[in-house]
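> 3D model of this:
(2 chains)
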Amino acid sequence: MLYREAGDFKTSYVKDSQTFPIKADRMAYFALLAVAFGVVPFLINDYWANAVFVPFLIYAIAAIGLNILTGYCGQVSLGTGGFMAVGAYAVYKLMTTFPDVPILIHVLLAGGVTAIVGVLFGLPSLRIKGFYLAVATLAAQFFLVWLFNKVPWFYNYSASGQITAPERTMFGIAVTGASTPAWAKYLFCLVILVALAWLARNLTRGMIGRKWMAIRDMDIAAEIIGVNPLTTKLSAFAVSSFFIGVSGALFFAVYLGAAEVGEAFGINKSFLILFMVIIGGLGSMFGSFAGAAFLVLLPVLLKNVLVGGLGWPTDLAAHIELMIVGGLIIVFLILEPHGLAQLWRVAKEKLRLWPFPH
Amino acid sequence: MTTDEGYMTADGRKIGGVLMEMKNITLRFGGVKAITDISFDIREGEIRAIIGPNGAGKSSMLNVISGFYVPQEGEVWFRGKKRAPMKPYEVARQGIARTFQNIALFEGMSVLDNIMTGRLTLMQAGLASQALWWGAAQREETAHREKVEKIIDFLEIQHIRKTPVGRLPYGLKKRVELARALAAEPKLLLLDEPMAGMNVEEKEDMCRFILDVNDEFGTTIALIEHDMGVVMDLSDRVVVMDYGKKIGDGPPEEVRANPEVIRAYLGVEHA
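Take a look at the predicted model:
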């Protein structure tokens, strides 16, 4: 079957504005969902879950969150790590204070707490833009990490200063804690990612998404046609922080199990997620997934090739791996500044006309 | 010839009562007076032009009307009420839309999305309902899409509906910007040099659209333009500004004969 929109006539505006206007895309999407829900959970083991799938799913949530703020609304943020920490500590406090409430509710509440914190730190965006806003969010990053280190109430006065996720269940199956099966971790994160990605897609194609993009493309013109910059920017901070908070909560509770704030949610995390968004493609849902996949999979792949395939010592491979990833990022940005999403778009454009390009 | 009930134009259109009135507007930037004590009115259904040489203060005047600048002295009356100083987005909600001299479209968005943003003051669905894209939000989106498609048809830009604005040529961008302003269904439409930088055919198209908009939707239009031929043909009444002062006001033929205006445009005759 050819990749065509010809013959697939749209007879209503609803059909015309759907997410995947081309039939082959829609089918590929449903096939992917079917595999993700119906096949992967039965095959997954601890290695695949911990090295590839779970970090990918969690980083994808964070990347969508940052993409809403930076890619759609044009507000640069270097505070992602700090906001993930807010999500992680919020879910920790909730889990330990209300042990009987289902973990899913805690995770969503943690996102809500992060949204409030995000709005607070988003207030400066009303007066400052660009690099200056980036520096202001950097302050949020350092302040939040310092706060969670300094105030023992946040880590329940534990001697090590770490937070450790106790076992919590959904429908009687452990989702957090040491005895969690790999498929449960995977499915829990997958369900949340799919739901949040769907919400994000709806927001970005609706009027609120247009308001965000209007602020991004030309804030003065946006204001003249009736966009309230205050509520629009703060709504972007709130939604973005909600996503990032949920991803932070999952990162701590499901993926790591135990975390020390400076190590797990330091400035490196902020940059990692910013790179995902830039490499994937600013202002693109597909880009958020592609960027997260690229930066999660590439190190795993390189490690397997260098250590497993070529038999290099692990310490050398670890260093070379960093250099290769860094080099590839630079090459990518020079060749395609609009990221993987643009490559994908160009490829689809070519494919639509193939094999008769004229 | 103007009364409180309006007047008849040369081509037989009925012009209504006063829609907007500027009373003794003075605008200063530090020590520079951009506008000095200007008063004029804009009536319902008319095409009102503001002309003048470079630096006369025309764009500043438009910015005062659209709420972007707040004058130090004077009052702005809109639809029979004195307008308190307000933010530009609040002015938009009152039903004033505008285009810009240097196109101010959202380059990263498609033509359709750009025009849809024009309707944002008319849409009400909340954040949660938009996130779910079900029921009210989707119905609202579809209803507004229909209105937008009418404007797209009207301005003959169907073929570029889904094209990102950044890829369009200048003339089409101007047309998309007009479409975005029209999508808001404004009571008063402000056009800042709608023909600037266009060739003759594009200008003719634009004139046709401006007249059609006025004719079909009954939209009141205030425009700034340098092309005298266009101004004299299109407008019902003309305000002439020079060095921030009003030097003429009236129908085109009257303004054209005004010695002050001739002096401002052509210079003084030295004996």
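
> Once you drop chain neighbours, what's closest to B:L182?
B:I151 (5.3 Å; CB to CB, 6 or more residues apart in numbering or on different chains). (Glycine included, C-beta is placed from N, CA and C.)

> Quick check: the one you found touching B:A179?
Yes. B:I151 lies in contact with B:A179 (CB atoms under 8 Å); the separation is 5.2 Å.

> any residues in contact with both of the two?
B:I115 (CB atoms under 8 Å, 6 or more residues apart in numbering or on different chains).

> Within range of chain A, give me the residues from the stretch 1-150 of chain B.
Proximity of the stretch 1-150 of chain B to chain A is confined to B:66, B:68, B:87-89, B:91-93, B:97-98, B:100, B:104-109, B:113, B:116-118, B:120-121, B:123, B:125, B:127, B:130-133, B:137-138, B:141-142, B:145-146, B:149 under the rule CB under 8 Å from any CB of the partner chain.

> shaky segments in chain B?
B:1-4, B:269-271 (pLDDT under 70).

> And it, what are its domain boundaries?
Listed by automatic domain parsing, the domain ranges of chain B are B:1-95+B:186-271, B:111-184.

> can you tell which of those is closest to A:L272?
Closest to A:L272 of these is domain B:111-184 (CB to CB; 26.8 Å).

> A:T137 is nearest to which of the domains of chain B?
Nearest to A:T137, of all the domains of chain B, is domain B:111-184, at 22.4 Å by CB to CB.

> Can you check the distance spanned by that closest one, start to finish?
15 Å (CA to CA, to the nearest Å).

> what does stretch B:109-124 give?
21 Å.

> Which positions within that stretch qualify as buried?
Using 16 or more other CB atoms under 10 Å in any protein chain shown as the test for burial, stretch B:109-124 gives B:109-123.

> Restrict whichever strand or helix holds A:G81 to CA atoms and write it as CSV.
Following DSSP states H and E, one finds A:G81 within helix A:80-97. Only the C-alpha atoms of helix A:80-97 are listed here, as CSV (Å, rounded to 0.1, in the frame of the first residue of the first chain):
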residue,chain,number,x,y,z
THR,A,80,13.5,21.0,34.5
GLY,A,81,15.7,19.0,36.9
GLY,A,82,14.4,21.1,39.8
PHE,A,83,10.8,20.7,38.8
MET,A,84,11.3,16.9,38.5
ALA,A,85,12.7,17.0,42.0
VAL,A,86,9.5,18.8,43.1
GLY,A,87,7.5,15.9,41.6
ALA,A,88,9.7,13.3,43.2
TYR,A,89,9.6,14.8,46.7
ALA,A,90,5.9,15.5,46.4
VAL,A,91,5.1,11.9,45.6
TYR,A,92,7.4,10.7,48.3
LYS,A,93,5.7,12.9,51.0
LEU,A,94,2.3,11.8,49.7
MET,A,95,3.2,8.1,49.5
THR,A,96,4.6,8.1,53.1
THR,A,97,1.8,10.3,54.6
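
> Could you identify the helix or strand that succeeds that helix?
Next along from helix A:80-97, by DSSP H and E: helix A:103-122.

> got the contact list for that next one?
For helix A:103-122, the surrounding residues in contact (CB under 8 Å, 6+ apart) are A:75, A:79, A:83, A:86-88, A:90-91, A:94-95, A:98, A:136-137, A:140, A:144, A:168-170, A:175-176, A:188, A:192, A:233-234, A:236-246, A:248-250, A:253.

> contacts with chain B among the residues you listed, please.
Within the contacts of helix A:103-122, those near chain B by CB under 8 Å from any CB are A:V239.

> quick one, phi/psi of the residue nearest to B:L182?
phi -70, psi -40 (degrees, to the nearest 10).

> Please apply the same query to the one 10 residues further on.
Note on B:R161: backbone dihedrals following degrees, to the nearest 10 are phi -40, psi -50.
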